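K.L.:
Just the structure for this:
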Amino acid sequence: MKNTLTAGAALLLTTAAVHAGGIDRTGNPYSVLFEDGNYAQLSFSSVTPEVSGDYPALLGGGSTDNMAGSYLSFGAAVKYAVNDQVDLALFINQPYGADADYTAGPYDGLSAVWESTQIAVVAKYQTNDAVSVYGGVRAIQSKAEIEIPAALTMSLPYSAETETNTQFGYVLGAAYEKPEIALRVSLTYESGVTHDFDTSETFGGVLNRDSETDIEIPQTVSLDFQSGIAADTLLFGSLRWSEWSVWEVRPSLYEDNAGDRVTGIDDDVFTYRIGLGRKINDELSVFGRVTYEAGNGDEASRLAPTDGSTSIGLGGNYTMGDVEFTGGIEYAMLGDATDGSGVEFEDNTALAVGLTIGYSF
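P.N.:
A predicted model of the protein is given here:
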């Protein structure tokens, strides 16, 4: 079975942001390490969420309108076969992000932005025909800013902005393969990192403080698998644990005056994926998958007011010589949630489209 099906499965990871927990957007496509020979890949995705809620009568009723901004993501990867046993890969992407902006009702003026860039260098060593191990380092650069209107602080409008900060983590993994049935099972660990942001805070220009804000990016463990289950048919999926319970935003001036954090996540996130790929001919394959994240029923953050999700993705892969094109679309039904003020966020969705171009050389 040609590897075009495995490349197709990887594309939908670029659209995982429509349902990912925390502020996850795109991850490193470690499946690139298993491509034959030398290989380069470019990925693009566009995500359009629709997230709104209804204010309770005590807050005057009415809708929040859509508070989640659309965004574009870009990724690149290059894998070089040093010899028959050693491969070296470089990954670049935007792993984490947030773009929340309320424009109606009591929350009008509440906004938050998180921007990030990741560069990772990973080497794979083939210990024998079936087993390989891999590992490397990753650098994550992030910055953030937030605006909170006076109505939500019970005093003065609040704002905070961080300087760009870069931290380093590591990646470790192992895989077992049986190529004659297109079987591969891989386990990947990504260490967490802690940003120590230089932060400028102000309450209405009256209270000001420059301080350091520590924010943890979670560690993750991913189990990925694929296997041929019939002629030209591939079953694939994954289970991913992300320790998002460590993530919270707690700048010192805000905590001293409001007595609480700005935002945070109380539970870890488990993401389950299962899909099928079907090879139509030597040039064309199609695939689909379902992704599920369970809700936890906790009080929702105003900046991420959903709880769990279920999404469906469909796509295809077309090969022209040494170049392959993979396109996909994913639709997510976001879980209902209620925040601490009783605002109910229901029937929200997100739509993502993605394109990956791969080149073997």
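K.L.:
Return the residues in contact with Asp198.
P.N.:
Neighbouring residues of Asp198 by CB atoms under 8 Å, 6 or more residues apart in numbering: 162-163, 165, 210, 212. Just so you know, the C-beta spots here come from the backbone N, C-alpha and C atoms, and that holds for glycine as well.
K.L.:
Filter those down to just the ones in strands.
P.N.:
Judged by DSSP state E, strands contain the following of the contacts of Asp198: 162, 165, 210, 212.
K.L.:
Show me how to select, in ChimeraX, the buried members of the residues you listed.
P.N.:
Selection of the buried residues among the ones in strands among the contacts of Asp198 in ChimeraX, burial being defined by 16 or more other CB atoms under 10 Å:
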select :162,165
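K.L.:
Report the two of the ones in strands among the contacts of Asp198 separated the most.
P.N.:
Asn165 and Asp210 (14.3 Å; CB to CB).
K.L.:
before we move on, the earlier item: with respect to Phe197, which of the ones in strands among the contacts of Asp198 is nearest?
P.N.:
Phe197 has its nearest neighbour among the ones in strands among the contacts of Asp198 in Thr162, at 3.8 Å by CB to CB.
K.L.:
Surely the closest one and Lys143 touch.
P.N.:
Yes. In terms of CB atoms under 8 Å, Thr162 counts as a neighbour of Lys143; the distance is 5.4 Å.
K.L.:
hey, what's in contact with both of these two?
P.N.:
Jointly contacting Thr162 and Lys143 under the rule CB under 8 Å, 6+ apart are Phe197.
K.L.:
shaky segments in the stretch 51-200 of the chain?
P.N.:
Within the stretch 51-200 of the chain, no stretch has pLDDT under 70.
K.L.:
can you give me the helices in the stretch 251-361 of the chain?
P.N.:
For the stretch 251-361 of the chain, applying DSSP state H, counting those that start in this stretch gives helices covering 252-258.
K.L.:
how many other residues sit next to the residue nearest to Phe236 when sequence neighbours are not counted?
P.N.:
Leaving aside its chain neighbours, Phe236 sits nearest to Gln226 (4.0 Å; criterion: CB to CB, 6 or more residues apart in numbering). By other CB atoms under 10 Å, the residues close to Gln226 number 26.
K.L.:
And the pLDDT for Gln226?
P.N.:
On pLDDT, Gln226 comes in at 94.
K.L.:
May I have the residues that are in contact with Gln118?
P.N.:
Residues in contact with Gln118 (CB under 8 Å, 6+ apart) are 28, 91-95, 138-141.
K.L.:
Likewise for Thr117?
P.N.:
Applying CB under 8 Å, 6+ apart, we find Thr117 in contact with 92-94, 140-142.
K.L.:
Just the buried ones from those, in ChimeraX syntax?
P.N.:
Listed next is the ChimeraX selection for buried residues among the contacts of Thr117, using 16+ other CB under 10 Å:
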select :93,94,140,142
